[in-house]
Structure formats: structure tokens, C-alpha cells
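Colleague: Pasted the sequence and its predicted model underneath.
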Amino acid sequence: HTHSLSLSISRHAYTHTCAHVYIHVLFFPYFLPFKVLAGETIPVDGIILSGEGDVDESMITGESTLINKIKGSIVIGGTVLKGGVLIFKATHVGKDTSIARIVDLMEKAQM
């Protein structure tokens, strides 16, 4: 089954100590911290463990204002970190992410 709205993120770098590994978003482990740098797309829904940054959530909210995220903030997969560095852990991956649920609702509405 193909979605009419495709997700542009298929993999993301995981940095732990000196290793830099690419992991497909469907296999993101919930227990490992991930780093997102300015200009990168946040690959999955998660919660920030450390760092601070401004996130463009316009694809979800329609608002052009950047949202400042700090430790404990929730991030949404598919949004873009415009400035800063975030370390986060995944809370929802694959079909359970916010954007996947939105796509599913849109497809059901079109039936």
C-alpha cells in the first residue's frame, strides 16, 4: 500500500561516541539517544534529552514561527531543526508517528 503523501525521511545518522551510523527510521531504537543538527529534518517523534534549538513545525501547524525546544520538549518527525543541536530519544516510529497518523487520516477521509 503506497501513501499519496510520502515521507521524505528514510534514514538518519545516529552518533554515539565516535561512531556515525545510518539507521532506517522504521528501525529507530527507542532506548538510544540521537543527535539532530541545524538544517536536518527530525526523523521520528521524540522527546529532547539535552540541547536547545528552534524547530520549524509549519508542515504540521501551518504557522511560520519557529518553536524553541529545550530538554523535555516533544519533537515531531518530519519537522526541521533550523538552529541549535538536539539530543533526543524516539517516542513514536514508523506508522505510529504524528505525520504517519495524519497521512492515514487523510487517506481515510478521501475514501
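Modeller: In hand now; what should we look at? Small disclaimer: the values here were computed from a predicted structure and weren't measured.

Colleague: Tell me if I'm right that residue 72 and residue 50 touch.
Modeller: No. Contact criterion C-beta atoms under 8 Å: residue 72 and residue 50 do not qualify, at 9.9 Å. To be clear about C-beta, it is placed using only N, CA and C from the backbone, and glycine gets the same treatment.

Colleague: quick one: which of the two has more around it?
Modeller: More crowded of residue 72 and residue 50, by other C-beta atoms under 10 Å: residue 50, with 13 against 9.

Colleague: residue ranges with poor pLDDT in this structure?
Modeller: In the predicted model of the chain, residues 1-30 satisfy pLDDT under 70.

Colleague: Could I get the full set of strands for the chain?
Modeller: 11-16, 19-24, 34-37, 45-56, 67-69, 74-75, 80-92 (DSSP state E).

Colleague: can you redo those as CSV with distance to residue 104?
Modeller: CSV is the format used below for the strands of the chain (distance: least, C-beta to C-beta, whole Å):
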stretch, distance to residue 104
strand 11-16, 22
strand 19-24, 20
strand 34-37, 24
strand 45-56, 14
strand 67-69, 24
strand 74-75, 20
strand 80-92, 13
